[in-house]
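[1] please find the sequence and the predicted model below.
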Amino acid sequence: MSRWRATLPLVLLVLAGVVLFASGSLDQLTPHRLLANHASLHAQIDDHPWLSRLAFTGLLTLTVATGIPGTIVVILAGGFAFGVVDATLYSSLGLTLGSLILFLASRYAFGPGSRQPPAIVARLHHGFERHPVSYTLFLRFIPVVPFGAVTVALAWLRCPLWLFLGASWLGGTVSLIFETSIGAGLGDAMSQSDSLGLGLFLHREVLLPLGAIALLALLPLLIERMTRRRRQRRFPLD
């Protein structure tokens with residue numbers, strides 16, 4: 001009974017994620033839908049500025065807390081609707097709150113972590129044990145593993161709460177700046193074009209942040225190659 005009580009918060013989050021994903025609510029936030037309804041969307045935001053921002057933050061918090069795919073869709077929609085500065089601010093709040101909820105629910109469900117860890121935890125365990133602070137920051141800055149999966153893994157590894165919150169906020173905000181810039185860039189490109197084709201993604205306002213995210217995604221490969229070369233220089237083969 002106590003085991004079920006411990007896992008109940010995590011189970012409720014999973015169920016909420018299933019309902020949210022199955023409802024198709026996130027489909028309304030795809031770039032195509034946003035571009036098609038941009039006039040009415042911005043009219044509603046102008047009429048209800050604080051309510052719209054509160055709803056956006058709540059939706060992102062729920063999406064992150066449930067760990068379902070679609071977080072990037074909500075973040076892009078925020079950039080499109082509110083611009084880079086406001087979207088980054090409210091996205092950072094929603095991302096941190098959602099991560100905290102998932103982290104606490106997972107840690108409560110896992111208990112002391114004496115059971116056999118999942119495969120993803122086993123992969124991250126060695127680096128976390130050797131350098132907990134730098135490795136946690138690395139996982140949040142560099143998209144090696146999905147954001148929700150890293151949150152669950154860090155909960156299993158009993159990452160200190162202060163470290164988790166600091167790394168999630170700092171690393172998440174860096175990525176958010178580029179992601180919200182893409183959404184805002186789509187809005188700027190839309191104002192210069194009447195079509196909804198792929199040509200919108202060729203505008204400089206969209207291409208630059210897309211390129212920055214691509215470089216960020218390549219960083220793990222570059223770091224791994226540099227580390228391998230350093231090892232080869234230190235321990236050359238006979």
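    Structure's in. What do you need?
[2] please make it C-alpha for all contacts and neighbour counts, starting now.
    OK.
[3] quick one: contacts for the residue most central in space within the chain?
    Residue closest to the average C-alpha location in the chain (Cα atoms, centre = their mean): F147, at 5.1 Å. Counting by Cα atoms under 8 Å, 6 or more residues apart in numbering, F147 makes contact with G67, R140.
[4] let's see that with 7 Å instead.
    Contact analysis of F147 by Cα atoms under 7 Å, 6 or more residues apart in numbering lists nothing.
[5] again, but for L95
    Counting by Cα under 7 Å, 6+ apart, L95 touches L60, T61, V64.
[6] if we can go back for a sec, I'd like to know how far the residue nearest to the centre of the chain sits from R123.
    Per Cα to Cα, to the nearest Å, F147 is found 15 Å from R123.
[7] surely G171 meets F138?
    No: taking contacts as Cα atoms under 7 Å, G171 lies outside contact range of F138: 8.1 Å.
[8] looking at those two, which is more packed in?
    Taking neighbours as other Cα atoms under 10 Å, G171 and F138 compare with G171 leading, 20 against 15.
[9] now the helices for this protein?
    Secondary structure of the chain (DSSP state H): helices located at 2-23, 31-36, 38-47, 49-66, 71-82, 84-110, 119-130, 132-141, 147-156, 161-192, 204-234.
[10] and the first one, average pLDDT?
    Read that as helix 2-23. Averaged over helix 2-23, pLDDT sits at 84.
[11] convert the C-alpha atoms of it to CSV, please.
    Output of helix 2-23 as CSV, limited to C-alpha atoms (Å, rounded to 0.1, in the frame of the first residue of the first chain):
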residue,chain,number,x,y,z
SER,A,2,2.8,2.4,0.9
ARG,A,3,4.5,1.6,-2.4
TRP,A,4,1.4,2.4,-4.4
ARG,A,5,1.0,5.7,-2.4
ALA,A,6,4.6,6.6,-3.3
THR,A,7,4.1,6.0,-7.0
LEU,A,8,0.6,7.7,-7.2
PRO,A,9,1.9,11.2,-8.0
LEU,A,10,4.0,9.9,-10.9
VAL,A,11,1.1,7.7,-12.1
LEU,A,12,-1.2,10.7,-12.1
LEU,A,13,1.3,12.7,-14.1
VAL,A,14,1.6,9.9,-16.7
LEU,A,15,-2.2,9.8,-16.9
ALA,A,16,-2.5,13.5,-17.3
GLY,A,17,0.1,13.4,-20.1
VAL,A,18,-1.8,10.6,-21.9
VAL,A,19,-5.0,12.7,-21.7
LEU,A,20,-3.3,15.9,-22.9
PHE,A,21,-1.5,14.1,-25.8
ALA,A,22,-4.7,12.2,-26.9
SER,A,23,-6.9,15.3,-26.7
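[12] alright, I will stop here.
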